[in-house]
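**Q** 3D, please:
(chains A and B)
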Amino acid sequence: MATRMTTMMLYNMVFLVAFGSALASSHNSRTGDRVSEADIQRLLHGVMEQLGIARPRVEYPAHQAMNLVGPQSIEGGAHEGLQHLGPYGNIPNIVAELTGDHIPKDFSEDQGYPDPPNPCPIGKTVDDGCLENTPDTAEFSREYQLHQHLFDPEHDYPSVGKWNNLFFEKMKSGPKRRKRSVNPYLQGQRLDNVVAKKSVPHFSDEDKGTE
Amino acid sequence: MGLNISGLFLFLTAGLLFLLGVLLFASADRAMYTNQFWVELHHGGEAEAKQLAAEYGFSGVRKLPFLDDGYYFYHNGIAKARRRRSLQHKLLLEKDIRVKKAVQQEGFNRKKRGYRDINEIDINMNDPLFTKQWYLINTGQADGTPGLDLNVAEAWELGYTGKGVTIGIMDDGIDYLHPDLASNYNAKASYDFSSNDPYPYPRYTDDWFNSHGTRCAGEVSAAANNNICGVGVAYNSKVAGIRMLDQPFMTDIIEASSISHMPQVIDIYSASWGPTDNGKTVDGPRELTLQAMADGVNKGRGGKGSIYVWASGDGGSYDDCNCDGYASSMWTISINSAINDGRTALYDESCSSTLASTFSNGRKRNPEAGVATTDLYGNCTLRHSGTSAAAPEAAGVFALALEANLDLTWRDMQHLTVLTSKRNQLHDEVHQWRRNGVGLEFNHLFGYGVLDAGAMVKMAKDWKTVPERFHCVGGSIQEPEKISSTGKLVLTLTTEACEGKENFVRYLEHVQAVITVNSTRRGDLNINMTSPMGTKSILLSRRPRDDDSKVGFDKWPFMTTHTWGEDPRGTWVLEIGFVGSVPQRGVLKEWTLMLHGTQSAPYIDQIVRDYQSKLAMSKKEELEEELDEAVERSLKSILSKN
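**A** Below is the predicted model of the structure:
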């Protein structure tokens, strides 16, 4: 019994030493060898398991950690698969990917995305920073996005700062709300072609496509 | 071995079997009584029978032609089926001097296989697309297979509609003004990470590109009986919009923030995104997202764990979702899709980490074979498709299960999925259905089968949280081994599964094979792993477009769910080879076997209500195994004493 305990202890010690040296190496000379965050997590977790301080009910990132390098490639929403878009389901989707890393992006060209309108959902009002009485139509959204600069001059999208601060803001100060309570379309500027599309849906085009 | 010992063994086994029987029957379902009585009269004809029936309030009587003085009394006064005998009726009838015998008929549960008459389902919805939502109730619409559906009708009839459950749709926004969604929209739990504000309204594009989230939301939470579009799987649940796909690039922070957004309010997160499905990407959650996911399962929902539902991907047979670190994670329930006749969709990506399937379209050109749901700007669509249409359906079914039992943990949900998913009529020419070491039927494409909402809520209701989970490093091979270009490399690892230690794993949940391998062509690699109980998992199948020769797989955790419930002790076999026309070379540098599961039997304390169920089978299996082990232990102690 006693011998088993000793060997266990020894084993742990060896592990700790190995762990320490791995940590040290990751900080100093061997950075070129890229000891990844995942490696460190795995090592740390291994030590915890050896010492019996890893709690069983808990899930550890180390168990899922994968050594990944290079920028991330993500695909989703209507960017993947074969989909049928538009009011008649006859517009094919574009397959594309989102890539990303920690490097801030410079979108000096106007290829950034405009912000969509923020209509008020049930239970929210102008005071919450949303647009009241917004028609739920494609026309409205299109017009809104087209004229966004005109009535929202300080919103110089796509701002790089917004992305860097996103996480920080969320953690520290809660969501930063731009007061955009003024709905220009309801203040004199009338759009004759905006109609509320709330009638029973029609699928004339779909019916024809049946085979 | 002497005669005594085998005798003792026989005796013990007999005792065990007896115990088993008692246990099984004690938890048996109580009988169902119908509103039908078999009545026998002492004498008298049909006129007297009619008179008697009228006196006791029966609405009709019919002579049983094969029985003298035998009649069939029926009436509408009693609910069609009930748990208790209608004693009053029976007693009154029995007391009557004219009656010789009165027997209330017990209802037998006899299910027509694969076919259910829509008239038997007493669900009326006035929503115009409801009858087109074949994935809810499949009556054979668009040349589909009747009965091949999520069986939501049964769950709805039991009163489960998703009340009190919030599902977050991580996508390109939600048209929360949509009249079919507005009343079920949870504004407080919603956020727009693409624009950094609390209103995830979709961005307009000319091709209505950003309609995806709205379509997914409708599958889960579209309101019922309001004359608009269709009905959501959990039509009284709340849906939260998490807009995070609609910016020019993706970051770890956006992903992490999305999946950790209000984990005490949002119960289920549905994701239809992941690494690019081009058949050559190997990617997964990065540092923050990984941390956020682990946090979600550890601390979300008051410590019961957030439920993450993941679409397995649209890469088709050119891709393998085990190369998608999100779908292959143990913490996500990865969902594949079947089409309305039980085949796999053409875009379906297969892998051993898939747990179950739901429905979508992906073969048929008939637009009505698609998924009917809500669309942008107050519209409806019949043509939602892709595995990304499958994940929200699963999220809806899980919402029903959560309503039935709010105490379910993230692992309970996976156990319920394994036990209640059905093979139904799902089939594939290449990948056959097989049984694992404890008899659970699985398929490489469909996981444990198609979700069955009715079965799931019923089991969820009296489910007892599974025992605690342990993690064990089953063993590791770190010496480099060459993979020959013609044959294949076969390695074995014999493990005790940490037996005798605190973290012994006896009943498996997930198994990971952490593999480091380099080859001249990554896409030609093929990896299989066989458990000690003989279950073979395809960890990686050929990806013809993946021509990587530099990166390979670096400590990549390939995951399988196929060995669920098995005993991991014994010898595991790993086979690595090349498929493809050109000879390739490769080196396997690491294979570490990670076992995750419980020490005690997870199903032994569960209540069995259906003897045909997988739960009944698994419980019996566990009882037998526990008994065997107990016998073995006592034999050992007897032998050591002698």
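
**Q** Each with direction, which strands does the longest strand seen in chain A pair with?
**A** For chain A, the longest strand by residue count, based on DSSP state E, is strand A:72-76. As defined by DSSP bridges, the strand partners of strand A:72-76 come to strand A:98-100 (antiparallel), strand B:273-275 (antiparallel).

**Q** Paired strands for whatever helix or strand comes next after it, with orientation please.
**A** Counting by DSSP states H and E, the element after strand A:72-76 in chain order, helix or strand, is strand A:84-85. Next to strand A:84-85 in the sheet, as set by DSSP bridges, lie strand A:91-92 (antiparallel).

**Q** Using CSV, list the CA coordinates for stretch B:601-616.
**A** Coordinates of each C-alpha in stretch B:601-616 appear next as CSV, following Å, rounded to 0.1, in the frame of the first residue of the first chain:
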residue,chain,number,x,y,z
ALA,B,601,-25.6,1.7,-14.9
PRO,B,602,-27.6,4.7,-16.2
TYR,B,603,-30.8,2.9,-17.0
ILE,B,604,-31.2,0.5,-14.1
ASP,B,605,-33.4,2.9,-12.1
GLN,B,606,-35.5,4.2,-14.9
ILE,B,607,-39.1,3.3,-15.2
VAL,B,608,-40.0,1.1,-18.1
ARG,B,609,-43.4,1.8,-19.6
ASP,B,610,-43.0,0.0,-22.9
TYR,B,611,-41.5,-3.5,-23.1
GLN,B,612,-40.6,-3.1,-26.7
SER,B,613,-38.6,0.0,-26.1
LYS,B,614,-34.8,0.3,-26.3
LEU,B,615,-35.0,1.4,-22.6
ALA,B,616,-36.5,-1.9,-21.6
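
**Q** returning to that earlier point: of the strands paired with strand A:72-76, which shows the lowest average pLDDT?
**A** For the strands paired with strand A:72-76, mean pLDDT drops lowest on strand A:98-100, to a mean of 59.

**Q** For chain A, which residue gets nearest to chain B?
**A** Across chain A, no residue is closer to chain B than residue A:76, which sits at 2.3 Å (C-beta to the nearest C-beta). (C-beta placed from N, C-alpha, C; glycine too.)

**Q** so who does the closest residue to that residue other than its chain neighbours touch?
**A** Nearest residue to residue A:76 in three dimensions, chain neighbours excluded: residue B:273, at 2.3 Å (C-beta to C-beta, 6 or more residues apart in numbering or on different chains). The contact partners of residue B:273, by C-beta atoms under 8 Å, 6 or more residues apart in numbering or on different chains, come to A:74-77, A:80, B:170-171, B:245, B:311, B:388.

**Q** Would you map the helices across chain B?
**A** Under the criterion DSSP state H, helices of chain B are mapped to B:3-26, B:46-55, B:87-95, B:152-157, B:212-221, B:252-259, B:287-299, B:387-404, B:410-420, B:453-461, B:614-641.

**Q** of the contacts of residue B:273, closest to residue B:416?
**A** Using C-beta to C-beta, residue B:311 is the member of those that lies nearest residue B:416, at 19.7 Å.

**Q** got the CA coordinates for stretch B:292-305 in PDB?
**A** Extracted in PDB, the C-alpha atoms of stretch B:292-305 (Å, rounded to 0.1, in the frame of the first residue of the first chain):
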ATOM      1  CA  ALA B 292     -17.800  29.200 -23.800                       C
ATOM      2  CA  MET B 293     -19.200  25.800 -24.800                       C
ATOM      3  CA  ALA B 294     -17.600  24.000 -21.800                       C
ATOM      4  CA  ASP B 295     -19.100  26.800 -19.600                       C
ATOM      5  CA  GLY B 296     -22.500  26.300 -21.200                       C
ATOM      6  CA  VAL B 297     -22.700  22.600 -20.400                       C
ATOM      7  CA  ASN B 298     -21.200  23.100 -17.000                       C
ATOM      8  CA  LYS B 299     -23.200  26.200 -15.800                       C
ATOM      9  CA  GLY B 300     -26.000  26.900 -18.300                       C
ATOM     10  CA  ARG B 301     -29.600  26.400 -17.300                       C
ATOM     11  CA  GLY B 302     -28.900  26.500 -13.600                       C
ATOM     12  CA  GLY B 303     -26.100  24.000 -13.900                       C
ATOM     13  CA  LYS B 304     -28.100  21.500 -15.900                       C
ATOM     14  CA  GLY B 305     -26.200  22.500 -19.000                       C
END
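
**Q** That one: which residues count as buried?
**A** B:292-301, B:304-305 (16 or more other C-beta atoms under 10 Å in any protein chain shown).

**Q** outside of it, which residues touch it?
**A** So stretch B:292-305 is contacted by A:58-61, A:64, B:255-257, B:259-260, B:263-264, B:267, B:269, B:285, B:306-308, B:329, B:331-332, B:407-411 (C-beta under 8 Å, 6+ apart).

**Q** List only buried entries from the residues you listed.
**A** A:59-61, A:64, B:255-257, B:259-260, B:263, B:267, B:269, B:285, B:306-308, B:329, B:331-332, B:408-411.

**Q** Let's see which of the residues you listed end up in strands.
**A** Among the buried ones among the contacts of stretch B:292-305, DSSP E puts B:269, B:307-308, B:332 in strands.

**Q** Now render these as CSV, adding pLDDT and distance to chain A.
**A** Below are these laid out as CSV (pLDDT from 0 to 100; distance: C-beta to the nearest C-beta, whole Å):
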residue, pLDDT, distance to chain A
B:269, 97, 13
B:307, 97, 14
B:308, 97, 12
B:332, 96, 10
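
**Q** and the gap between the residue most central in space within chain B and residue B:450?
**A** Closest residue to the average C-alpha location of chain B: residue B:417 at 2.8 Å, with C-alpha atoms, centre = their mean. Look at residue B:417 and residue B:450: by C-beta to C-beta, to the nearest Å, they are 11 Å apart.
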